[in-house]
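J.: What shape does this take:
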Amino acid sequence: MTVPISHVQLELAREPGHPFGDPAHVYHLYVPLNRDGHIDVEAFRKQHHICRVRRQRPGETETHGRIVHGPGGRWFLDYDNDDGEGDNELAFRHRDERLVPGGYVSILEDDGRLHTFQVVAVRVE
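T.: Predicted structure coming up:
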């Protein structure tokens, strides 16, 4: 049985410099989720070729990439940059963070800083 792909929208949460968050700093994740809001690892392994990420940040061109399951249950966002250098971002830990509306996840972005994002929407595609 194939697990449906969910479209998860993340927006930058409140942080220094963004006291109200930033709805223009957004991630769109396309992943299979289980009932608890975690990425379904088995379904991901079978469907990894359709799991992807889109990143939108103010003043930048939209960036596209893939989602990678790494050691220790960590997830990485790997972008389609030509140089292949420094384009991975450390996303969330499988056991610790859930992708449910109103929840929060952390992403270590390419600026070397850990940012918190709020899950603002989850829709089954």
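J.: Just checking the distance from the helix or strand of the chain with the lowest mean pLDDT to the centre of its chain.
T.: One helix or strand of the chain scores below all others by mean pLDDT, DSSP states H and E: strand 88-93, with a mean of 79. The gap between where strand 88-93 is centred and where its chain is centred comes out at 8 Å by C-alpha atoms, centre = their mean, to the nearest Å.
J.: what's the following helix or strand after that strand?
T.: Note on strand 88-93: by DSSP states H and E, the next helix or strand toward the C-terminus is strand 104-108.
J.: picking that back up, need the residues that contact the least confident helix or strand of the chain.
T.: Contacts with strand 88-93, where a contact means C-beta atoms under 8 Å, 6 or more residues apart in numbering, come from 67-68, 72-79, 105-110. Every residue, glycine included, has its C-beta placed from N, CA and C.
J.: do that again at 10 Å, thanks
T.: 10, 27, 29, 38-39, 53, 55, 63, 65, 67-68, 70, 72-79, 81, 97-99, 103-111, 114-115, 117 (C-beta atoms under 10 Å, 6 or more residues apart in numbering).
J.: Just the C-alphas of it, formatted as PDB.
T.: Extracted in PDB, the C-alpha atoms of strand 88-93 (Å, rounded to 0.1, in the frame of the first residue of the first chain):
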ATOM      1  CA  ASN A  88      22.700  20.800   2.500                       C
ATOM      2  CA  GLU A  89      20.600  22.000   5.400                       C
ATOM      3  CA  LEU A  90      20.100  19.900   8.600                       C
ATOM      4  CA  ALA A  91      16.400  19.700   9.200                       C
ATOM      5  CA  PHE A  92      14.600  18.000  12.000                       C
ATOM      6  CA  ARG A  93      15.000  14.800  14.100                       C
END
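J.: That concludes my questions; thank you for your assistance.
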